[in-house]
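Pasting the sequence and the predicted model now:
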Amino acid sequence: LADLRAIAYGGSSETAAFPKEQYPDTPLVTDYHSVLADSDIEAVFIATPIPTHAEIVRNALTAGKHVFVEKPLALDSAVIDKLYALAQEKNRTLFVGYIYTYDPAFLLLKELLEAETNVTIETLWTKYGTFDSALSENLLVHELALVHELLGSLELKEIARNEENVFDGTFIGEKGTGHIFIDSEQQEKKKTLAVRTDTTMYTMTIGKLVAQDLASGEEKIVYENTGAQLLEIELKNFLE
């Protein structure tokens, strides 16, 4: 989607294997500051361990680069506020990769719920895997972003479980409530978002939205993506 000028990485042969195979003509460097010093480079994409995000973003913005960074931007809201202030000061785009919020199915759902005032959300995410950082930092932040967008605001109501591999919590917002359940111990991969209004039940999976009329029970597909990958859609949003 863009002219790739350099890839900065940690220096391990394992990490280098993919870019060497996919982008053999792109220089690999181990000091990202050399990328920031290149005046021809307009934007950087940061996909590094979560605790490193804030410092790299700060340095990139200071160097005058537009920034795409994987979520979360930082783990301290005061740090996040300062980074957005710096982006505004430098007149640069600071874009955090909450990829599921750019799903056209989700954007349509958000539009359909715009006038609703009594919304109940249930999210379910089962995804087997281990992470170097907390479940809340890797998976929960995605669900919080979705629920926040749909409810208009987000406050914690109750946490039933907050464990290494399971999160079960309920949140409230301007338009209703949202219940989030995540389990990273399940072998079956499943990610659904169900939203109930007074008249309709919406069920969303990645790239697909189904609506059921609660009075008649009739179901219909209101959106199904058969084209672009979600990552491509998200990156196009950043580049625009």
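Cool, got the structure.

Following the chain past the helix or strand of the chain with the lowest mean pLDDT, name the next helix or strand.
Each helix and strand of the chain was given a mean pLDDT (mean pLDDT, DSSP states H and E); the minimum falls on helix 135 at a mean of 90. The C-terminal neighbour of helix 135 among helices and strands, as given by DSSP states H and E, is helix 141-151.

so what does that following helix touch, helix or strand wise?
In terms of contacts (3 or more Cβ pairs under 8 Å, 6 or more residues apart in numbering; DSSP states H and E), helix 141-151 is packed against helix 104-112, strand 119-126, strand 166-173, strand 176-183. Backbone N, C-alpha and C define where each C-beta goes, glycine included.

between these, which gets nearest to residue 41?
Of all those, helix 104-112 sits nearest to residue 41, with 30.1 Å by Cβ to Cβ.

for the closest one, what is the average pLDDT?
Mean pLDDT, helix 104-112: 97.

how distant is it from the center of its chain?
16 Å (Cα atoms, centre = their mean, to the nearest Å).

the inter-axis angle of that helix versus helix 141-151?
Interaxial angle, helix 104-112 versus helix 141-151 (axes from the mean of the first three to the mean of the last three Cα atoms, to 10 degrees): 30 degrees.

List the buried residues of helix 104-112.
By 16 or more other Cβ atoms under 10 Å, the buried positions in helix 104-112 come out as 104-106, 109, 112.

ok, which stretches of the chain are helices?
13-22, 32-36, 53-62, 77-90, 104-112, 135, 141-151, 230-239 (DSSP state H).

give me the low-pLDDT residue ranges for the protein?
Applying pLDDT under 70 to the chain flags the ranges 130.

now the farthest one out in it, which residue is it?
In the chain, the residue that sits farthest from the middle, by Cα atoms, centre = their mean, is residue 216; the gap is 35.1 Å.

that older thread, which pair of the buried residues of helix 104-112 spans the longest distance?
Of all pairs drawn from those, the widest gap by Cβ to Cβ lies between 104 and 112 and measures 12.5 Å.

before we move on, back to that, can I get the helices and strands packed on helix 141-151 in CSV with distance to residue 156?
Output for these, formatted as CSV (distance: least, Cβ to Cβ, whole Å):
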stretch, distance to residue 156
helix 104-112, 22
strand 119-126, 14
strand 166-173, 6
strand 176-183, 11
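
out of these, nearest to residue 223?
Of the helices and strands packed on helix 141-151, nearest to residue 223 by Cβ to Cβ is helix 104-112, at 4.8 Å.

Next, the angle helix 230-239 makes with the closest one.
Using the same axes, to 10 degrees, one finds that helix 104-112 and helix 230-239 are set 60 degrees apart in direction.

From the contact counts, what lies against helix 104-112?
Where contact means 3+ Cβ pairs under 8 Å, 6+ apart, helix 104-112 is packed against helix 141-151, strand 190-196, strand 200-205, strand 208-213, strand 219-224.

how many degrees apart are the third one and strand 119-126 in direction?
Spelled out, that is strand 200-205. With the same axes, to 10 degrees as the basis, strand 200-205 and strand 119-126 are set at 20 degrees to each other.

Name whatever forms a beta bridge with residue 194.
residue 122, residue 203 (DSSP bridges).

Could you report the neighbour count for it?
16 (other Cβ atoms under 10 Å).

residue contacts, it?
When contacts are counted by Cβ atoms under 8 Å, 6 or more residues apart in numbering, residue 194 touches 121-124, 201-204.
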